[in-house]
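Asks: just need the structure, nothing else, for what follows:
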Amino acid sequence: MHDDIYEKEFSSDKRNSQAGFDERERLDTYENWESYLSKTFKFPFEAKISAYQESGPLQEGDNITVLSISGEEDLYGILVRITKNRKQYIFPLCDIEVANKKSENYLMIDDYCHWFANYR
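Replies: Residues are numbered from 1 along each chain as shown. Next comes the predicted model:
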């Protein structure tokens, strides 16, 4: 169940209205997402890499543990600190999927990824 702040700030209607935002508003929205997710995620949580990776040690389908939000970057969006086989990495949130589909984290990441792909 989402809290009222989530429903008010990040509902589908709100996301859909963001299609024409200017640069300052877009950055404010990145900051809003980062702030909201930092406060509401239940860390750590299990996830997997959900997007094809051209190179590097992480590949689609790899099981990982998400430890925290690390910041945001214009090209990749919100970045998270993850571990795989005891090694830590910084990775784009939009390229992971929560393992437990019944988790609140699953829906929040799904909503963020939808916004990132369509409205940023």
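Asks: so which other helices or strands are in contact with the helix or strand harbouring residue 65?
Replies: Using DSSP states H and E, residue 65 maps to strand 63-73. Contacts defined by 3 or more CB pairs under 8 Å, 6 or more residues apart in numbering; DSSP states H and E place strand 63-73 against helix 23-40, strand 45-49, strand 77-84, strand 87-92. From N, CA and C alone the C-beta is placed, and that goes for glycine too.
Asks: quick check: closest non-adjacent residue to the most centrally placed residue in the chain.
Replies: Nearest to the mean C-alpha position of the chain, counting by CA atoms, centre = their mean, stands residue 93 at 3.7 Å. Distances taken as CB to CB, 6 or more residues apart in numbering place residue 78 nearest to residue 93, at 4.3 Å, with adjacent residues excluded.
Asks: same check, this time on residue 63
Replies: Using CB to CB, 6+ apart, the closest residue to residue 63 is residue 48 (5.4 Å).
Asks: mind listing what the residue nearest to the centre of the chain touches?
Replies: The contact partners of residue 93, taken as CB atoms under 8 Å, 6 or more residues apart in numbering, are 37, 69, 77, 78, 79, 80, 109, 112, 113, 116.
Asks: same check on residue 35?
Replies: By CB under 8 Å, 6+ apart, residue 35 has no neighbours at all.
Asks: mind checking how far the residue nearest to the centre of the chain is from residue 49?
Replies: From residue 93 across to residue 49, the span is 12 Å (CB to CB, to the nearest Å).
Asks: thanks a lot, catch you later.
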